[in-house]
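Asker: sequence? don't have it. structure:
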């Protein structure tokens, strides 16, 4: 079945699940060279009411992404031709705001860090349950740039830092700062709560919409990413409160 390619549209939460604002199903691209796995994921995601396309290698994934224009991507980091990190970079050229959930057989911190550093939004380690993948992906889709901003004023400002929830632009002192979908959501949560200490568990619940089972190190990783982009070479705005969490406030 061929799906017509249209621009990325907002999604909305309905009683029967998440759909795009135009009423069509959310589009998900699943990339893995294990056909049994892709078949199972396709079945589980279609049960959610989503439109699913699969690819078994990196080049097919890039071609499918250009045609299918997915709203989210499930991507194996180890593929037979080009690896998932290269696939991610190519997909980001056309779909910069689509969240990406990495699948990896390597339960090592280095491998997970590579995926997140490259712009991935979340990861699961094989073997995993279908319920876990669906829950992670559901959370990513809800909080991605597909989701319509609920605030009446889309612009949040703290000192010289500005975040626009409609355009998803972030600037500091007028300089544009490029953020991934997850980095943007984390910064938005911090900026919606200025001078308030937010714990790792609060951040996990709000930003990732999923119980990470104690893997709070992902929060530290993303706080580090934000600091490099927001605070590098400037007076710091993001602060650690030892034993309590993190806060953002106007630079002194």
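Answerer: Noted; the coordinates are in hand. Model, not experiment: these values are computed from the prediction.
Asker: please confirm that residue 40 is located within a helix.
Answerer: Yes: the assignment for residue 40, made by DSSP: H, G, I helix; E, B strand; the rest coil, places it in a helix.
Asker: where do the helices sit along the stretch 101-250 of the chain?
Answerer: With DSSP state H, counting those that start in this stretch applied, the stretch 101-250 of the chain shows helices at 109-117, 130-143, 181-191, 200-203, 217-226, listed in chain order.
Asker: distance between the shortest one and the chain's centre?
Answerer: Put plainly, it is helix 200-203. Helix 200-203 has its C-alpha centroid displaced from the chain centroid by 17 Å (CA atoms, centre = their mean, to the nearest Å).
Asker: in it, which residues are buried?
Answerer: Using 16 or more other CB atoms under 10 Å as the test for burial, helix 200-203 gives 200, 202, 203. Yep, even glycine has a C-beta here, placed from its N, CA and C like the rest.
Asker: the first one reaches residue 221, doesn't it?
Answerer: Right, the one you point to is residue 200. No: with contact defined as CB atoms under 8 Å, residue 200 does not reach residue 221; the gap is 11.3 Å.
Asker: so how far is residue 240 from residue 234?
Answerer: Distance, residue 234 to residue 240, by CB to CB, to the nearest Å: 17 Å.
Asker: residue 222 too?
Answerer: Remark: distance between residue 222 and residue 240 (CB to CB) = 13 Å.
Asker: please identify which of these two sits among more neighbours.
Answerer: residue 222 (21 against 14; other CB atoms under 10 Å).
Asker: excluding chain neighbours, what is closest to residue 137?
Answerer: Among residues not flanking residue 137 along the chain, residue 101 sits closest, at 5.6 Å (CB to CB, 6 or more residues apart in numbering).
Asker: you'd agree the one you found is up against residue 123?
Answerer: Yes: proximity of residue 101 to residue 123 meets the contact threshold set by CB under 8 Å, at 6.9 Å.
Asker: quick check: bridge partners of residue 240?
Answerer: In this structure, residue 240 bridges to residue 246 when assessed by DSSP bridges.
Asker: could you double-check that it sits in contact with residue 246?
Answerer: Yes: with contact defined as CB under 8 Å, residue 240 reaches residue 246; the gap is 5.8 Å.
Asker: what's the overlap in contacts for these two?
Answerer: Here residue 240 and residue 246 share the contacting residues residue 223, scored by CB atoms under 8 Å, 6 or more residues apart in numbering.
Asker: show me where the protein has strands.
Answerer: Using DSSP state E, the strands of the chain run over 11-14, 17-20, 27-31, 51-55, 72-76, 100-104, 122-125, 155-158, 161-164, 169-172, 175-177, 238-241, 245-248.
Asker: that older thread, for the helices of the stretch 101-250 of the chain, which one sits closest to residue 54?
Answerer: Nearest to residue 54, of all the helices of the stretch 101-250 of the chain, is helix 130-143, at 13.7 Å by CB to CB.
Asker: which elements pack onto the closest one?
Answerer: The contact analysis (3 or more CB pairs under 8 Å, 6 or more residues apart in numbering; DSSP states H and E) places helix 130-143 against strand 11-14, strand 17-20, helix 35-47, strand 72-76, strand 100-104, strand 122-125, helix 181-191.
Asker: in a markdown table, list the ones you listed along with mean neighbour count and mean pLDDT.
Answerer: As requested, the helices and strands packed on helix 130-143 are arranged in a markdown table below (neighbours: other CB atoms under 10 Å; pLDDT from 0 to 100):
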| stretch | mean neighbour count | mean pLDDT |
| --- | --- | --- |
| strand 11-14 | 15 | 44 |
| strand 17-20 | 17 | 71 |
| helix 35-47 | 15 | 92 |
| strand 72-76 | 28 | 94 |
| strand 100-104 | 24 | 87 |
| strand 122-125 | 19 | 82 |
| helix 181-191 | 22 | 90 |
